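Asks: let me see the structure of the following:
(one chain, ligands or ions: 2)
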Amino acid sequence: MSDTVLKLENITKFFPGIKALDGIHLNIRPGEVHALIGENGAGKSTLVKILTGVYFPTSGKISYKGEDVSFKTAIEAQEAGITAIHQEASMFPELSVTENIYMGHHLKGGKIGALSWRQMKKQTASLLNRMELDINPDTLVKNLGVAQRHMVEIAKALSIDADVVIMDEPTSALTLREVEDLYKIVRQLKAEGKAIIFISHKFDEIFEICDYFTVLRDGKYIGEGRVADHNIDEIVTMMVGRSLDQMYPKSDVEKGDEILKLDNLSSDGVFKNISFNLCRGEILGFFGLVGAGRTEVMRAIFGIDKITSGDLTLRGKRFRPHSAKDAMRQQIAYVPEDRQSQGVILEMSIAKNITLPQIDDLSTFGFLHSKKEKEISVEYGSMMEIKAASWNVDADTLSGGNQQKVVLAKWLSTKPEILILDEPTKGIDVATKAAVHKFVSDLASKGLAVIMVSSELPEILGMSDRVIVMHEGEITAEYSRDEADSDRIIRAATGHAWAEGS
Ligand SMILES: Nc1ncnc2c1ncn2[C@@H]1O[C@H](COP(=O)(O)OP(=O)(O)OP(=O)(O)O)[C@@H](O)[C@H]1O
Ligand SMILES: [Mg+2]
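Replies: Ligands and ions are numbered 1, 2, ... in the order given. This is a model prediction of the structure:
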């Protein structure tokens with residue numbers, strides 16, 4: 001346990017105008033799960049990319065198995081036995097699961113040897129089996145859900161028999177069941193004597209699975225310790241530089257008029273008989289497992305997905321959106337769960353991203369009012385505390401959590417009356433999460449109606465006035481704020497709501 005497999009000394013990484021890492025130390029031991037903790041933009045993913053040969057450090061020393069190393073490519077790092085599941089998906093949607101898993105290392109000798117496609121398919125099947133995943137190796141990745149895609153990404157990392165496995169927010173796209181499977185895998189790797197570096201913004205995970213932690217703040221090394229010797233407040237204080245008094249600053253709001261009502265809304269094979277109402281000033285939480293149909297219901301309200309039967313009533317009038325534009329015209333905003341494909345345009349500036357939904361209002365005869373664009377980005381970007389060198393830098397230079405904040409700023413700036421949030425704080429650090437929650441809660445107290453889809457129970461419990469639970473396309477339970485508790489909600493989410501008390 002005590003010998004070090006990977007050691008970083010004084011690692012520095014500069015980007016134009018930004019010191020992403022500044023004097024980082026890290027000691028990774030075999031058979032240990034090591035949490036890398038820090039706020040959005042602290043430098044965690046940059047460190048991962050340095051360890052895996054994606055970036056080259058500006059200065060500093062890395063030793064691996066007792067030797068100084070400097071990986072020039074990801075393949076070099078992989079061959080040495082360091083593999084990572086990166087924060088942003090890196091899969092090829094048009095290729096099969098097997099092709100994705102063996103992409104980049106199938107023709108190499110090394111530990112895998114030159115396998116035939118048939119062998120690779122067999123290996124893939126046994127790997128998926130070991131992970132208890134019900135996925136066919138021939139399925140094209142584009143046909144998998146977000147969570148399954150993420151699990152395949154994990155399978156890919158495991159297909160390389162690595163000594164150091166790095167997981168950069170592996171659970172951000174997973175829910176309960178998959179998270180449990182992932183924990184099993186992590187424990188197994190640990191038992192095999194591998195070292196795991198685990199990055200997460202969820203403290204319940206860190207306390208459940210990690211042995212040791214290192215904290216970064218603003219690219220600097222702050223400290224380290226055994227997880228068992230610390231409590232959450234101590235770690236948060238190291239991470240943020242101050243203590244956080246309130247995690248879920250929910251204010252009590254008098255419910256306003258009903259603004260939206262669904263009656264038996266159905267979409268063939270996707271969701272069935274969805275009925276609920278939403279009032280101004282209310283935060284309605286939606287909980288469920290992956291595939292429960294929550295996102296699809298929201299997409300239907302927003303005019304993206306098809307409705308086969310049932311009714312929608314908006315402000316007392318029948319409403320049938322045929323496109324997102326229809327919904328936006330009615331002051332409905334939808335923050336999607338998958339920021340990479342639907343949220344931000346990576347090669348566009350922060351300011352342009354934020355003002356995108358208002359592009360028609362901001363331009364006359366194709367001439368863009370850049371002053372207005374700047375005003376809006378400054379107002380909403382600062383409110384969301386986006387950390388960037390300027391509003392004009394491209395979104396792809398932002399850390400994962402900061403990209404998520406851009407998506408939130410973008411939709412809030414449209415001043416909606418109904419705000420639908422799908423996993424709004426995915427990848428957002430604790431301090432900012434509290435700020436986002438406070439912000440949403442303040443807007444609700446001014447009459448905004450909010451639907452919040454979330455797989456994070458603490459968020460659902462902390463923020464919702466009412467909780468609706470879905471299972472396999474149907475609503476299985478509804479609880480008031482007082483009735484809602486984690487046991488009940490999980491039972492309903494797994495389809496056992498009515499077994500309560502029996
Ligand atoms: N390619 C790049 N060009 C310019 N700046 C970058 C680049 N990659 C990262 N940065 C900057 O480096 C800093 C650290 O980013 P990094 O992605 O490592 O943060 P993180 O700790 O992983 O945050 P999160 O929790 O949000 O994922 C940020 O300020 C980010 O904007
Ligand atoms: Mg990151």
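Asks: how close does the closest residue to ligand 1 within the stretch 401-502 of the chain get to ligand 2?
Replies: Nearest to ligand 1, among the residues of the stretch 401-502 of the chain, is G401, at 2.8 Å (Cβ to the nearest ligand atom). Yep, even glycine has a C-beta here, placed from its N, CA and C like the rest. Distance of G401 to ligand 2, given as Cβ to the ion, to the nearest Å: 7 Å.
Asks: residues in contact with that residue?
Replies: By Cβ atoms under 8 Å, 6 or more residues apart in numbering, G401 lies in contact with 39-41, 201, 427-429, 432.
Asks: hmm, 6 Å instead?
Replies: 40, 427-429 (Cβ atoms under 6 Å, 6 or more residues apart in numbering).
Asks: near ligand 1, which residues of the stretch 301-450 of the chain are found?
Replies: 387, 397-402, 429 (Cβ under 6 Å from any ligand atom).
Asks: just put the residues you listed in JSON lines and tack on secondary structure, pLDDT and distance to Q148.
Replies: Listed next are these as JSON lines, based on DSSP: H, G, I helix; E, B strand; the rest coil; pLDDT from 0 to 100; distance: Cβ to Cβ, whole Å:
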{"residue": "K387", "secondary structure": "coil", "pLDDT": "85", "distance to Q148": "32"}
{"residue": "T397", "secondary structure": "helix", "pLDDT": "90", "distance to Q148": "29"}
{"residue": "L398", "secondary structure": "coil", "pLDDT": "90", "distance to Q148": "27"}
{"residue": "S399", "secondary structure": "coil", "pLDDT": "87", "distance to Q148": "25"}
{"residue": "G400", "secondary structure": "helix", "pLDDT": "84", "distance to Q148": "20"}
{"residue": "G401", "secondary structure": "helix", "pLDDT": "86", "distance to Q148": "23"}
{"residue": "N402", "secondary structure": "helix", "pLDDT": "90", "distance to Q148": "27"}
{"residue": "D429", "secondary structure": "coil", "pLDDT": "89", "distance to Q148": "26"}
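Asks: what segments of the stretch 101-250 of the chain are helices?
Replies: 117-130, 146-159, 176-191, 203-209, 232-240 (DSSP state H, counting those that start in this stretch).
Asks: what's in contact with the third one?
Replies: Contacts to helix 176-191, defined as Cβ under 6 Å, 6+ apart, come from residues 31, 33, 132, 147, 165, 171, 196, 209.
Asks: again, only this time at 8 Å
Replies: 31-33, 131-133, 147, 150-151, 154, 158, 165, 167, 170-171, 174, 196, 198, 205, 208-209, 289-290, 455, 490, 493.
Asks: and that helix, average pLDDT?
Replies: What helix 176-191 shows for mean pLDDT is 87.
Asks: got it, and the fourth one?
Replies: On average, the pLDDT along helix 203-209 is 93.
Asks: remind me which residues of the chain are low pLDDT?
Replies: Counting by pLDDT under 70, the ranges of the chain that qualify are 1-2, 104-115, 175, 339-341, 363-368, 497-502.
Asks: so where does the residue in the chain that ligand 2 sits nearest to fall, helix or strand?
Replies: For the chain, the residue closest to ligand 2 is S45, as judged by Cβ to the ion, at 3.1 Å. According to DSSP states H and E, S45 maps onto helix 44-51.
Asks: ok, and for that helix, which residues are buried?
Replies: Going by neighbour count (16 or more other Cβ atoms under 10 Å), the buried part of helix 44-51 is 44-51.
Asks: per the record, what domains does the protein have?
Replies: 6-240, 255-331+416-496, 347-415 (automatic domain parsing).
Asks: and of the ones you listed, who's closest to E337?
Replies: Of all the domains of the chain, domain 255-331+416-496 sits nearest to E337, with 4.0 Å by Cβ to Cβ.
Asks: give me the contact status of that closest one with ligand 2.
Replies: No: using Cβ under 5 Å from the ion, domain 255-331+416-496 stays clear of ligand 2, with a minimum separation of 7.5 Å.
Asks: show the end-to-end separation of that domain, please.
Replies: Counting by Cα to Cα, to the nearest Å, you get 30 Å between the two ends of domain 255-331+416-496.
Asks: just give me how far it sits from the chain centre.
Replies: 18 Å (Cα atoms, centre = their mean, to the nearest Å).
Asks: next: stretch 250-270.
Replies: 25 Å.
Asks: enumerate the residues of the chain near ligand 1.
Replies: Counting by Cβ under 6 Å from any ligand atom, the chain sits next to ligand 1 at 15, 18, 20, 38, 40-46, 87, 387, 397-402, 429.
Asks: again, only this time at 5 Å
Replies: Within the chain, the positions lying close to ligand 1 (Cβ under 5 Å from any ligand atom) are 15, 18, 20, 40-46, 397-401.
Asks: shouldn't L26 be in contact with I50?
Replies: No: using Cβ atoms under 8 Å, L26 makes no contact with I50, being 10.3 Å away.
Asks: what is in contact with the two at once?
Replies: I11.
Asks: what's the end-to-end length of stretch 22-40?
Replies: Note: stretch 22-40 ends 16 Å apart using Cα to Cα.
Asks: do the same with stretch 222-235
Replies: This stretch, stretch 222-235, spans 11 Å end to end (Cα to Cα).
Asks: and K156, how many neighbours?
Replies: Counted with other Cβ atoms under 10 Å, the neighbours of K156 add up to 22.
Asks: for the residue lying closest to it once chain neighbours are set aside, give its distance to M120.
Replies: Distances taken as Cβ to Cβ, 6 or more residues apart in numbering place I101 nearest to K156, at 4.7 Å, with adjacent residues excluded. As defined by Cβ to Cβ, to the nearest Å, I101 lies at a distance of 8 Å from M120.
Asks: the residue of the chain closest to ligand 2 reaches I166, doesn't it?
Replies: No: using Cβ under 8 Å, S45 makes no contact with I166, being 10.0 Å away.
Asks: can you list residues touching both of these two?
Replies: By Cβ under 8 Å, 6+ apart, the residues touching both S45 and I166 are I199.
Asks: who does the helix or strand harbouring S377 touch, helix- and strand-wise?
Replies: Secondary structure assignment for S377, by DSSP H and E: helix 370-383. With contacts defined as 3 or more Cβ pairs under 8 Å, 6 or more residues apart in numbering; DSSP states H and E, the packing partners of helix 370-383 are helix 350-355, helix 400-412.
Asks: how far is it from where the chain is centred?
Replies: 25 Å.
Asks: now do stretch 207-219
Replies: On Cα atoms, centre = their mean, the centre of stretch 207-219 falls 18 Å from that of its chain.
Asks: first-to-last residue distance for it?
Replies: Terminal residues of stretch 207-219 lie 23 Å apart, using Cα to Cα.
Asks: please apply the same query to stretch 65-85.
Replies: Taking Cα to Cα as the criterion, the two ends of stretch 65-85 lie 21 Å apart.
Asks: pull the residues that contact it.
Replies: So stretch 65-85 is in contact with 5-6, 48, 51-54, 56, 61-64, 104-105, 108, 110, 153-154, 156-157, 160-168, 170, going by Cβ under 8 Å, 6+ apart.
Asks: which of those residues are buried?
Replies: For those, a neighbour count by 16+ other Cβ under 10 Å gives the buried set as 5-6, 48, 51-54, 62, 64, 105, 153-154, 156-157, 160, 162-168, 170.
Asks: so which of the helices and strands packed on helix 370-383 gets nearest L314?
Replies: For the helices and strands packed on helix 370-383, the distance to L314 is smallest for helix 400-412, at 17.9 Å, taking Cβ to Cβ.
Asks: what angle separates the following helix or strand past the closest one from helix 400-412?
Replies: Per DSSP H and E, the first helix or strand lying C-terminal to helix 400-412 is strand 418-422. Relative orientation of strand 418-422 and helix 400-412, computed by axes from the mean of the first three to the mean of the last three Cα atoms, to 10 degrees: 160 degrees.
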